[in-house]
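Q: Kindly return the folded structure for what I paste below:
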Amino acid sequence: MKTLIIFFSLLINVAVAQITDLLKQGSEQGRKQQFAEALASFNEYIILHPDDAKGYFARGTIHASTGNTEKAILDYNKAISLDPKFVNAYINRGSALSEQQKFTEAIADYDKAISLSPGIPEVFNNRGYLLSLQNKHQEAIVDFSKAIALNPSYSKAYVNKALSESTVGDKDAAIITLTELIKRVPDASEAYMNRALQYEATGDKKKALQDYNSGLQLDGADVKALLARSKLKDELGDHKGAVEDCVTAIRLQPDNAQAFYLKARAEYDLPDYRSVIEDCTQAIKLKADHSEAYILRGNAKDLLNDYQGALSDYNKAIILFPEQTAGYEQRAIAKARQKDIVGALSDLTRVIELNPKHAKALLTRGDLYLYVNKKEFACEDYKKAEALGDGTAISKRMFNCK
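A: Numbering: from 1, shown residues only. Purely as a prediction, here's the structure:
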């Protein structure tokens, strides 16, 4: 959960003269991430000033920074009990509660903070984010808009607003929001990355690629963007460019299984099946349940005439995820290539059991039934595929069936 935590070093709004040496010392230690030392300083301060809300608040930020949200919440509770108008304690407690996925309680804290101090954009952004997690996207959009009104250069609020707009189906609005962010903050790489995703969703792959390029010029170390651009390049036929992006991503994150898998996908399209096998093997080493890598490696092995190796990979994918259709579908194709029609029919039947609207599986099973002279069964499959809108099934039914 990534909501904003407001740290004591920024928001203890009291005069320096009123802050004891211990409080200043702990704040400085916290800024330097000397958390054990900061904790000791704040503990001592609390012993000396047990009724001062600032000490508990400051200690709470240290607990939050070290991942101890339970202790952080206890300290924020104490700070609020001592000072019921301590805005930043409500904000930080809301963030800690959101870490625990206690969204209703966290939103209540943000509500209270807004009632006490309605001019903090981060609080509206935090509340909007939690509302979006509860699929209350219209309410979230209102909060993100308020955050932007308070801070027109608040990149995170723009991005969050665009994501909610996209989720409710208004991708044009999301593009407008992100375009406004780019106007306000021209070096906001995340704006280009997210707008690229929206352009992809609307089918404008050319503009999406332009945005990925612009974003990566600003932040060339964004692995997520590199992989998204790699996938898009592969779809647009630039397979070598797709491989190059994955190579860069792997250099930045050598343990990224998806980078090896996407590299293998592009290599499959080149084609370079031996490299596919090598990269899928590496993806599987990094992520043992990567069923897609098993299937792709199986496809490459099958095309290199390693039928048993292909079957082994398909079997592994099916064992990992027996309710997914891809493993059965690819195993059926491999079996059909080896003239194991019975085995192929069995796998396609399983695909159709899992997904009765799988037109491609119905069409392929129909072809195999026709191959073994079971025209009645073939025609039935063609009719079902046709009903699902498969144009090829229409011609096959008309040519082969009465």
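
Q: Show me the contact partners of stretch 37-48.
A: Residues outside stretch 37-48 that contact it (Cβ atoms under 8 Å, 6 or more residues apart in numbering): 20, 22-23, 25-27, 29-30, 52, 55-56, 58-59, 62-63. Every residue, glycine included, has its C-beta placed from N, CA and C.

Q: Would you mind identifying the next helix or strand past the lowest-mean-pLDDT helix or strand in the chain?
A: Among the helices and strands of the chain, helix 8-11 carries the lowest confidence by mean pLDDT, DSSP states H and E, at a mean of 36. Counting by DSSP states H and E, the next helix or strand C-terminal to helix 8-11 is helix 21-31.

Q: Sort out which residues of that following helix are buried, please.
A: By 16 or more other Cβ atoms under 10 Å, the buried positions in helix 21-31 come out as 22, 23, 25, 26, 27, 29, 30.

Q: Farthest pair within the residues you listed?
A: 22 and 30 (12.4 Å; Cβ to Cβ).

Q: what's the burial count for residue 85?
A: 11 (other Cβ atoms under 10 Å).

Q: For the spatially closest residue to it that is not a sequence neighbour, give me its contacts.
A: Spatial nearest neighbour of residue 85, chain neighbours left out: residue 116 (5.8 Å); criterion: Cβ to Cβ, 6 or more residues apart in numbering. Contacts for residue 116 were tallied using Cβ under 8 Å, 6+ apart; they are 85, 87, 90.

Q: Among the residues you listed, which ones are in helices?
A: Of the contacts of residue 116, the ones assigned to helices by DSSP state H are 87, 90.

Q: can you redo the contacts of residue 116 as CSV with pLDDT and distance to residue 228?
A: What follows is the contacts of residue 116, written out as CSV (pLDDT from 0 to 100; distance: Cβ to Cβ, whole Å):
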residue, pLDDT, distance to residue 228
85, 97, 45
87, 97, 39
90, 98, 37
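
Q: okay if I get the contacts of residue 116 as TSV plus distance to residue 392?
A: Putting these into TSV (distance: Cβ to Cβ, whole Å) gives the following:
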residue	distance to residue 392
85	70
87	64
90	62
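
Q: which element follows the strand or helix carrying residue 264 toward the C-terminus?
A: Assigned by DSSP H and E, residue 264 belongs to helix 257-269. Note on helix 257-269: by DSSP H and E, the next helix or strand toward the C-terminus is helix 273-286.

Q: Pull out the buried residues from that next one.
A: Applying 16+ other Cβ under 10 Å to helix 273-286 flags 273, 275, 276, 277, 278, 279, 280, 282, 283, 284, 286 as buried.

Q: Please tell me how far the second one sits from residue 226.
A: Using Cβ to Cβ, to the nearest Å, residue 275 is found at 19 Å from residue 226.

Q: avg pLDDT for stretch 226-241?
A: What stretch 226-241 shows for mean pLDDT is 98.

Q: for stretch 102-109, same thing?
A: For stretch 102-109, the mean confidence score works out to 97.

Q: Would you mind giving the domain segments of the chain?
A: 1-118, 288-355, 368-402 (automatic domain parsing).
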